[in-house]
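# I would like the atomic coordinates for the input below:
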Amino acid sequence: MATPTADPSAALPRFSSIVYGTWRLLDDAAAAAPEPLAARLSACADLGITTVDTAEVYGRYEVEEHLGAALRRAPGLRAKLQIVTKCGIYVPVPRHPDRKVAYYDASAARIVASAEKSLRLLGTDRLDLLLLHRPDWLTPADETAAGLERLLRDGKILSAGVSNYTVDQLQTLQSRMGVPLATNQIELSLFRMDPITDGTLQQCERLRMRPMAWSPLGGGRLFREEDVVSARIRAACAELAPRYAGAPPEALALAWILALPARPMVVVGTNRTERLRAAAAAASIRLERPDWYRLWEAAQGRRIP
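Residues are numbered from 1 along each chain as shown. Purely as a prediction, here's the structure:
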């Protein structure tokens with residue numbers, strides 16, 4: 001096995017710090033239609049949100065197809081974007097009536113078949129990044145690595161990574177690959193700080209691997225009026241906002257993640273263009289150290305140890 005380069009990020013596609021996530025794309029049927037979706041993707045590109053995150057399983061296996069239809073409506077748009085998709089989760093749905101139970105599969109054959117299906121549905125000749133959506137407890141790392149490396153050799157994917165992997169799971173897979181993994185997409189927010197202390201972000205920093213943070217606003221929890229933790233965070237954001245040109249709470253919450261040394265990218269899942277604008281603004285916010293810890297205190301409800 002070849003040893004990964006000292007700075008693997010230099011050989012990887014460049015992704016935007018704010019990523020447009022499509023997990024909830026089909027929550028709004030009108031917004032998911034080809035023309036409005038193409039317009040939203042174009043707006044993202046204009047805002048500097050050039051990376052689009054999706055997954056084979058999203059929308060009961062229908063989101064990739066909607067994205068492909070939108071891209072076909074706007075020739076030239078694909079060249080402005082980096083497409084990230086994920087594979088490995090297989091659940092019972094009407095279009096797959098043969099499945100009786102949900103399961104994970106990161107076998108080489110399944111990875112290749114899933115990637116080729118994603119290419120077809122998205123209407124593209126390459127995926128900028130393919131992620132293993134969840135660790136598969138039954139497939140040896142050697143076999144998973146073989147599937148990813150076959151896709152890389154064939155030029156069907158430009159980079160490979162993982163999602164929701166522990167430190168040990170990522171290290172094991174990386175030890176079987178001759179190229180560096182691009183990222184670990186993890187849950188990270190003011191509501192979920194475990195990656196800061198469980199070694200996940202330290203591993204990413206050590207490997208010079210930029211993580212991707214999913215659910216960076218706690219799955220919308222930041223906006224729940226009745227949530228006590230959210231209320232504390234919003235109050236702290238209101239105190240800090242004048243120092244950051246009146247930035248809204250969501251922008252400051254995203255900036256809090258972006259300030260971490262591992263340089264996370266944040267995946268923002270919204271169908272509202274105004275929320276995308278607020279997210280894009282977060283990329284230019286540089287939180288002062290005391291302000292970062294002020295938000296930590298608000299989220300934790302206590303002072304630092």
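# Test of understanding: give the bridge partners of the closest residue to residue 128 other than its chain neighbours.
Closest residue to residue 128 apart from its sequence neighbours, by C-beta to C-beta, 6 or more residues apart in numbering: residue 82 at 4.0 Å. Any C-beta I mention is one placed from the backbone N, CA and C, and that applies to glycine too. Beta bridges link residue 82 to residue 51, judged by DSSP bridges.
# and residue 82, what pLDDT?
For residue 82, the model assigns a pLDDT of 98.
# before we move on, what about residue 5?
42.
# and if you look at residue 1?
39.
# rewinding a little: wait, the residue nearest to residue 128 sits on residue 127?
No: when contacts are counted by C-beta atoms under 8 Å, residue 82 is not listed as touching residue 127 (9.2 Å).
# Who has more neighbours out of those two?
Taking other C-beta atoms under 10 Å, residue 82 and residue 127 do not tie; residue 127 has more neighbours (23 against 19).
# For residue 39, grab the count of nearby residues.
Count around residue 39 with other C-beta under 10 Å applied: 16.
# In contact with residue 293, which residues?
residue 304 (C-beta atoms under 8 Å, 6 or more residues apart in numbering).
# Surely it is in a helix?
Yes: counting by DSSP: H, G, I helix; E, B strand; the rest coil, residue 293 is part of a helix.
# Report the buried residues of the worst-scoring helix or strand of the chain on mean pLDDT.
When the helices and strands of the chain are scored by mean pLDDT, DSSP states H and E, helix 273-282 comes last with a mean of 92. Counting neighbours by 16 or more other C-beta atoms under 10 Å, one finds that the buried residues in helix 273-282 are 275, 276, 278, 279, 280, 281, 282.
# Please name every helix or strand in contact with it.
strand 18-21, helix 34-47, helix 249-258, strand 265-269 (3 or more C-beta pairs under 8 Å, 6 or more residues apart in numbering; DSSP states H and E).
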